[in-house]
Structures are given as structure tokens and as C-alpha cells.
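Student: just coords:
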């Protein structure tokens, strides 16, 4: 296991308050289905995420004691603050699932409720974005979760015309029900992940509810993040933008005036290789060789984007399916073993 220096070289004052938590910064990793497994969360914590989210976890699956679902509750040593995101179609199922997810001894710091997923398999269960059409159920779910004593963070989308409530009204109802923070994505359910997020709408809602809105949607640059924070958003969720550019956290922290360790602010190819090798080893230990190769290939594309030679590395990586084989390709591509003694900021 490699030890990496903290992204921030000095404390950021008293910390950043959002949603009932005090974090190092307002930048968090969003919940991403099929992506934010524990090694991925650890990876982004190291790269500057002040908090991370689990994948959305089915409360019905927890009630069935589904082994795969239960495994999604795992938190690795070294992870920063983790928020568990649950989904269900009714308050009773949510509450019973939360009894497992938020049991005594849990390492989670807050509880999210997915009211944003637009995918049919979730909608047909009355969960995800379907809850935007059933505000009374959504508000009852927030109330049900507050009894566990954790900050409650529902994640929603823009409510389009024809829905029972406007986005403003829906947010007010969630906050009145006891939500500590509303994570707001600027697309409607019908848009899914296409088109553009309505950033101006998110900004307007943030002005209406100071300190209570976490922004989500089309966040690809420090400027995008600054826009939301300047509008009054309490925090920001990085999703696809962070997958495309893993150093987006560090670049944005520097942009916002934080003291960022140079190894992250100006990463060398050698350091990026070290990060990728450690990441792949972590996934392999938890999920096996095949999954490690799949995740490492995905991270590789963003980690080395724009660098000369990355095309050849990606083509070579595409030809293998095990982490052992991919690791060998990555080591060879960077002459890792000959260069690693240069990494004065890291120890192996």
C-alpha cells in the first residue's frame, strides 16, 4: 500500500459546513451507480474529495439480506467522510433498510435518499425520480430517516411543468420535513443524462435556500464549481467530470485559493502511474482481477488524458482482461520501478 501526502498542505481554517457536517472543502464525489465502490471512493478522497458517496443502495435488497447489496455498505480504512445513499419507494421500506445501513457502529456520516435516478428499473419501484411525482411520499421518507439522528440529504432533479410541485416548492417541503441538505441536479427526469443541466435554475434555488442546496450537473471545470458556490450553493457534487478528470478536485481547490500540494497541483506522469497502480491493487484485493482491470482502464482514460502516448497505452490496455496483465503494461509504460525513488512525497 502506498502512502500519499494530503492534498491540502495546511488546514483550511475551521472547515466547511454543509448539510450538518464540517468538511475540508465544499467539493464532494457524487453517488454513481456501478462506480463509487470503496476503492474508487478512497482514490478520490486521496485526490481531494472532502466527502464521498456510496452507490445508491436498495433498501429492499437490504431487507432481503442480499449479499451483494449488503457488501455495498463496506467502508475501507483511510476513506474520508462517506455518505450512504439509499433508495426505496415508500417510507416503511426506507426506514427498515436504514436500520441496517445506519446500525450502531456505522462509519457513515450522513444518509442520502435517491429521488433523482431516471432509469426505468428504479422508477417502476416508485423510487428515484418517481418520487418527484409523489411529494407527500418523498416528504414522509425524509421524516422517517431523521429519527436515526443522521443528517438527511435527499438528491432530486428539476421538476418540469406538469409535476405536482415546482422545484422550489419541492425543496421547501424536503427541508420542512427535516432534510439538512438538498442535492439538486439541473436536469429533468425525462432528460436523463442528455442535454444540458439548468445551472441557472440551481443557482436561483440556492439563493432561495441559503446554505441548504448542494449543486449537481455539468460540473467539468473549476469555473463550473465556482459558479455554483458564488450563487450560494453550500457544496458541489462532482460526478462525470471527476471521472473524466480525476485531478479536477485538486485543480479546483487551488483555483479556490486552498494550499494544494504540488504533487497534485502539477502531477507528473510517474506520480499518475503510481496512483493508478495503487488504485488497481486496491480494487483487485476487494473485487478481483477482472473488476480491477475494468475500473483501472476507466480511470486510466481520465488520468492520462491529453498526454502524449496515452493512445498507445489505452490500446495496449484494451487487449488484456486481468489486473496482473494490465499492471505489467502500466509498469512498463512508465518505467515505474526505475523512477519511483523520485517520488519524494510518497512512500511504498
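Tutor: Good, I have the coordinates. Bear in mind that the values here come from a model prediction, so they are computed numbers and not experimental data.

Student: now do the helix or strand containing residue 56: which elements does it pack against?
Tutor: Take DSSP states H and E as the rule and residue 56 turns out to sit in strand 52-58. Contacts defined by 3 or more CB pairs under 8 Å, 6 or more residues apart in numbering; DSSP states H and E place strand 52-58 against strand 27-29, helix 38-46, strand 82-87, helix 91-101, strand 108-115. Using the backbone N, CA and C atoms, a C-beta is placed for each residue, glycine as well.

Student: could you save the ones you listed as JSON lines and add columns showing mean neighbour count?
Tutor: Listed next are these as JSON lines, based on neighbours: other CB atoms under 10 Å:
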{"stretch": "strand 27-29", "mean neighbour count": "28"}
{"stretch": "helix 38-46", "mean neighbour count": "24"}
{"stretch": "strand 82-87", "mean neighbour count": "26"}
{"stretch": "helix 91-101", "mean neighbour count": "19"}
{"stretch": "strand 108-115", "mean neighbour count": "24"}
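
Student: is it possible to export those to JSON lines including distance to residue 128?
Tutor: Shown next, in JSON lines, are these (distance: least, CB to CB, whole Å):
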{"stretch": "strand 27-29", "distance to residue 128": "20"}
{"stretch": "helix 38-46", "distance to residue 128": "21"}
{"stretch": "strand 82-87", "distance to residue 128": "6"}
{"stretch": "helix 91-101", "distance to residue 128": "12"}
{"stretch": "strand 108-115", "distance to residue 128": "6"}
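
Student: which stretch among the ones you listed comes nearest residue 295?
Tutor: helix 38-46 (6.9 Å; CB to CB).

Student: name the residues that touch that closest one?
Tutor: For helix 38-46, contacts defined as CB atoms under 8 Å, 6 or more residues apart in numbering pick out 4, 7, 29, 49, 52-54, 74-76, 78-80, 82, 242, 246, 249, 275, 279, 282-283, 286-287, 295, 299.

Student: go again with 7 Å.
Tutor: Helix 38-46 has contacts (CB atoms under 7 Å, 6 or more residues apart in numbering) with 4, 29, 52, 74-76, 78-80, 82, 242, 249, 279, 282-283, 286, 295.

Student: likewise for stretch 110-123?
Tutor: 19-21, 31, 53, 56, 83-87, 94, 98, 102, 127-132, 138, 141-142, 145, 148, 150-157, 185, 189, 192.

Student: are any of the residues you listed buried, and which?
Tutor: Buried subset of those (neighbour count, 16 or more other CB atoms under 10 Å): 19, 21, 31, 53, 56, 83-87, 94, 98, 102, 127-132, 138, 141-142, 145, 150-157, 185, 189.

Student: contact partners for the closest residue to residue 275 other than its chain neighbours?
Tutor: With CB to CB, 6 or more residues apart in numbering as the criterion, residue 275 has its nearest non-adjacent residue at 6.9 Å, and that residue is residue 303. For residue 303, the contacting residues are 246, 272, 275-276, by CB under 7 Å, 6+ apart.

Student: out of those, who's nearest residue 177?
Tutor: Nearest to residue 177 among the contacts of residue 303, with distances taken as CB to CB, is residue 246, at 35.8 Å.

Student: surely the closest one is in contact with residue 48?
Tutor: No: at 9.4 Å, residue 246 and residue 48 do not qualify as touching, with contact defined as CB atoms under 7 Å.

Student: roughly how far does residue 86 sit from residue 198?
Tutor: For residue 86, the distance to residue 198 equals 26 Å [CB to CB, to the nearest Å].

Student: excluding its backbone neighbours, what's nearest residue 286?
Tutor: Counting by CB to CB, 6+ apart, the residue nearest residue 286 is residue 39, at 5.9 Å.

Student: quick one: the one you found from residue 194, how far?
Tutor: Going from residue 39 to residue 194 by CB to CB gives 29 Å.

Student: now the longest helix belonging to the chain: average pLDDT?
Tutor: Criterion DSSP state H: the longest helix present in the chain is helix 269-287. Model confidence over helix 269-287, given as mean pLDDT, is 95.

Student: which one (most neighbours) among the contacts of residue 303?
Tutor: Neighbour counts for those peak at residue 246, which has 27 neighbours (criterion: other CB atoms under 10 Å).
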